[in-house]
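**Student:** this is a predicted model, with the sequence first.
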Amino acid sequence: MSEPEFHEIERRLAASRALTDLPEAHGTLAGALCATHAVSLQDWLREVFADGVAGEAESTMLALFEWTRHVLTAGQLEFRLLLPGDETPVTERATALGQWCQGFLYGLGTSPIPDIEHLPAEIGEVVRDLTAITQVSVDESDGA
């Protein structure tokens, strides 16, 4: 299974009036799949599209759903966050990373998890780190 192409999926999401950008949509899917493998394509699509999805976007989202589920369950450490590439300005990449983390936490929260203070230490630390990353910003005066 080949990795989806970021810019093509982002274009199709925008054309279909998605509620979120690709990083947040992918993060939501990944978080939900990590919380429970019982997430369906339709459950996820309802989170991404207010009025449903059709046409090119539908087949694209199905492929993204299948790819994400496959790499998360294959046990081969192939999973990658769907984020813009290095050619994209750092401010946009930082924003996309924050959106992905926000989506992941939202998706994770779709299943009942205990209070963050009662999670095993390592898992609680990851959740706290992802929460901090959602607040990421880049000072453009640094010349980055």
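**Tutor:** Received it, and whenever you're ready, just let me know what you need.

**Student:** which residues sit against stretch 89-96?
**Tutor:** By C-beta atoms under 8 Å, 6 or more residues apart in numbering, the surrounding residues in contact with stretch 89-96 are 21, 23, 83-84, 86, 88, 136-138, 140, 144. C-betas here are computed from N, CA, C, even on glycine.

**Student:** by neighbours, which of these wins?
**Tutor:** Counting neighbours by other C-beta atoms under 10 Å, P23 comes out on top of the contacts of stretch 89-96 with 25 neighbours.

**Student:** could you say what helices and strands the one helix or strand that one maps to packs with?
**Tutor:** Under the criterion of DSSP states H and E, P23 resides in helix 22-35. If you count contacts as 3 or more C-beta pairs under 8 Å, 6 or more residues apart in numbering; DSSP states H and E, helix 22-35 packs onto helix 6-15, helix 41-48, helix 56-73, helix 90-108.

**Student:** give the buried residues for the least confident helix or strand in the chain by mean pLDDT.
**Tutor:** Lowest on mean pLDDT, DSSP states H and E among the helices and strands of the chain sits helix 121-133, with a mean of 77. For helix 121-133, a neighbour-count test (16 or more other C-beta atoms under 10 Å) marks 127, 130, 133 as buried.

**Student:** closest to H7 out of those?
**Tutor:** Nearest to H7, judged by C-beta to C-beta, of the buried residues of helix 121-133 is I133 at 22.5 Å.

**Student:** any idea how far R46 is from that closest one?
**Tutor:** Using C-beta to C-beta, to the nearest Å, I133 is found at 26 Å from R46.

**Student:** go on, V138?
**Tutor:** Look at V138 and R46: by C-beta to C-beta, they are 33 Å apart.

**Student:** now swap in V127 and tell me
**Tutor:** In terms of C-beta to C-beta, V127 sits 24 Å off from R46.

**Student:** can you list the weak-confidence ranges in this structure?
**Tutor:** By pLDDT under 70, the weakly predicted segments of the chain are 1-2, 54, 112-120, 139-144.

**Student:** ok, and the closest non-adjacent residue to the most centrally placed residue in it?
**Tutor:** Of all residues in the chain, the one closest to the mean position by C-alpha atoms, centre = their mean is G27, 1.5 Å from it. Distances taken as C-beta to C-beta, 6 or more residues apart in numbering put G103 closest to G27, at 2.7 Å, once the chain neighbours are dropped.
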